[in-house]
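A.B. asks: Here is the input, now give the coordinates:
(one chain, ligands or ions: 1)
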Amino acid sequence: MNILILNGSPRPNGNTAAMAEYFAEEAKKQGHKVSLIQIGNKDIRGCKNCDACRKTLDGSCVQQDDMQEVFPLMRECEMLVIASPIYYYSMTGQMHCAIERIYAFERLPKIKKAALLLSAGGGGFTSAIQTYKDAIIGHMGAKDMGIVKSTGNGARSEAVRKEIQAIFGKF
Ligand SMILES: Cc1cc2nc3c(=O)[nH]c(=O)nc-3n(C[C@H](O)[C@H](O)[C@H](O)COP(=O)(O)O)c2cc1C
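C.D. replies: You can find the predicted model right below:
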């Protein structure tokens, strides 16, 4: 399966990166094709609602920002993994912007499965989980393969790694 992992953290060696990289390693071991992109430190803007994309809905967007490297991966992905720190009780701004920009497809054309990896200082996962459930599972029709949460330094813990491994048991 073609898997795209988006990491919404601006920190390349942070907690979310640890979870996303572990997910990527396990996916590769299972024979999946994996692309992991850290979007949290990229220039990713919100949708302008110019509606230029509505003619084709193939991921063509007039905004020439770093989403231009993400769109081709979104077009081909069969599984989308959203990995994000919790910032003020939600996903990071960059992750929200990237999800908004899926408007250029309306729905990802090949998506079948999805998963959510979240890391927080202490909690506040509710809104991020709701966004994932509404936008990725509900609106796009992907099958939820698992939601893994970590707090504090738990992102590298054996317990979190086991939860990530369990996702592959459901394929
Ligand atoms: C701007 C900002 C807002 C944050 N808001 C929350 C929050 O609402 N709840 C929480 O538990 N942690 C919050 N945190 C802590 C991060 O979620 C936590 O440190 C996370 O593991 C960072 O992930 P990273 O290492 O991948 O960047 C916040 C951190 C920042 C920088």
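A.B. asks: Make sure residue 90 is actually in contact with residue 96.
C.D. replies: Yes: counting by CB atoms under 8 Å, residue 90 does reach residue 96; the two are 7.3 Å apart. All C-beta atoms are positioned from the backbone trio N, CA, C, and that covers glycine.
A.B. asks: Quickly list what's touching both of those two.
C.D. replies: residue 131 (CB atoms under 8 Å, 6 or more residues apart in numbering).
A.B. asks: Now residue 129: closest residue in space that isn't a chain neighbour?
C.D. replies: Sequence neighbours aside, residue 147 is the residue nearest to residue 129 in space, at 6.1 Å (criterion: CB to CB, 6 or more residues apart in numbering).
A.B. asks: which bits of the chain sit near the ligand?
C.D. replies: Residues of the chain found near the ligand (CB under 6 Å from any ligand atom) are 9, 11, 14-17, 85-89, 119-124.
A.B. asks: what residues does the helix or strand encompassing residue 3 touch?
C.D. replies: Using DSSP states H and E, residue 3 falls within strand 2-7. For strand 2-7, the surrounding residues in contact (CB under 8 Å, 6+ apart) are 16-17, 20, 23-24, 27, 32-40, 70, 73-74, 76-84, 95, 98, 110.
A.B. asks: Which of those fall in helices?
C.D. replies: Counting by DSSP state H, those place 16-17, 20, 23-24, 27, 70, 73-74, 76, 95, 98 in helices.
A.B. asks: mind listing the strands for this protein?
C.D. replies: Using DSSP state E, the strands assigned to the chain run over residues 2-7, 33-38, 79-85, 113-120, 143-151.
A.B. asks: who does the last one pair up with?
C.D. replies: This points to strand 143-151. Looking at strand 143-151 with DSSP bridges, its partner strands are strand 113-120 (parallel).
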